[in-house]
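Student: sequence unknown, structure follows:
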């Protein structure tokens, strides 16, 4: 069993930065890839960024590539999402999630089995 708790969301002006954190419980955390997703009102949940179990491989949605950076600290059971150059269209609830299988590169929500409760990110223009 894995529990995920996100933090770090808030209100920021366009062009600003935020750092999200996802604290995980459970001994299997370091064995699996992790992902960040987001969901805006009236839209489907979409992939944002993923990171392999050891952190050596990362992958991003085109919409955030070059602006967001995913990282992890397995000693602290925590995954991070550094978000720079934020835009109003980045406004959404952001969720972290654990990959359901060993491997990396997955982008579909149904490929992740444990989810946090989400943290709101609002970017004003």
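Tutor: That came through, no problem. As the structure is a prediction and not an experimental result, all values here were calculated from the model.
Student: Next, residue 15: secondary structure please.
Tutor: Under the three-state scheme (DSSP: H, G, I helix; E, B strand; the rest coil), residue 15 adopts coil.
Student: For it, give me its contacts.
Tutor: Neighbouring residues of residue 15 by C-beta atoms under 8 Å, 6 or more residues apart in numbering: 85-86. Quick note: C-beta positions are derived from backbone N, CA and C, even for glycine.
Student: Give me the neighbour count for residue 14.
Tutor: Residue 14 has 13 neighbouring residues, counting by other C-beta atoms under 10 Å.
Student: Where do the strands of the chain begin and end?
Tutor: Remark: strands assigned in the chain by DSSP state E are 3-7, 10-13, 18-25, 34-39, 46-51, 58-60, 68-73, 78-83, 92-99, 112-115, 119-124.
Student: what angle sits between the first one and strand 18-25?
Tutor: Orientation check (axes from the mean of the first three to the mean of the last three C-alpha atoms, to 10 degrees): strand 3-7 against strand 18-25 gives 160 degrees.
Student: And the average pLDDT for strand 3-7 is what?
Tutor: Averaged across strand 3-7, pLDDT comes to 97.
Student: what does the fifth one give?
Tutor: Confidence for strand 46-51, expressed as mean pLDDT, is 98.
Student: just how off-centre is that strand within its chain?
Tutor: On the basis of C-alpha atoms, centre = their mean, to the nearest Å, strand 46-51 sits 6 Å off its chain's mean C-alpha point.
Student: how much does that strand deviate in direction from strand 92-99?
Tutor: Using the same axes, to 10 degrees: strand 46-51 against strand 92-99 is 50 degrees.
Student: Perfect, I'm done here.
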